[in-house]
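**Q** Quick one: sequence and predicted model below, then my questions.
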Amino acid sequence: LEVGAGCGAITRYLGDMGCRVDAIEGSAARARLVHKRCTGLDQVAVIHGNFHELSLPERGYDLALFIGVLEYAQRFAPAGVSATEGVVQMLDKAMAAL
């Protein structure tokens with residue numbers, strides 16, 4: 001699970017290494033870029049959406065990556081959630097999916 005795939009550099013690398021990747025990106029433009037970058041990698045799924053609003057499978061992943069993402073947790077968190085609580089919510093959700 002890659003949360004905040006950005007432009008897809010890590011996503012592509014993981015796909016090239018044979019990893020199954022669900023890459024979540026909140027920006028529609030960046031999600032399109034990741035999708036293009038990972039063309040031909042059937043084991044890579046690019047999901048455009050708000051991580052806080054997505055349903056993840058319980059124990060569905062071996063690893064969760066948040067590279068350069070947690071500092072933006074409050075931006076996508078529900079209204080009224082502090083930056084700290086936004087990070088905690090994201091990590092709790094990812095932990096449940098591991």
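**A** Everything's here; your move. Residues are numbered from 1 along each chain as shown.
**Q** residue ranges for the helices of the protein, please.
**A** 9-16, 28-37, 73-76, 83-97 (DSSP state H).
**Q** Now mean neighbour count and mean pLDDT too, for these, in TSV please.
**A** Glycine gets a C-beta too; all of them are placed from N, C-alpha and C. Below are the helices of the chain laid out as TSV (neighbours: other Cβ atoms under 10 Å; pLDDT from 0 to 100):
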stretch	mean neighbour count	mean pLDDT
helix 9-16	18	98
helix 28-37	16	98
helix 73-76	17	86
helix 83-97	15	95
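**Q** Of those helices, give the one that comes closest to E58.
**A** Between E58 and the helices of the chain, the shortest gap by Cβ to Cβ is with helix 83-97, which sits at 6.1 Å.
**Q** counting contacts, what elements does the closest one pack onto?
**A** Counting contacts by 3 or more Cβ pairs under 8 Å, 6 or more residues apart in numbering; DSSP states H and E, helix 83-97 is packed against helix 73-76.
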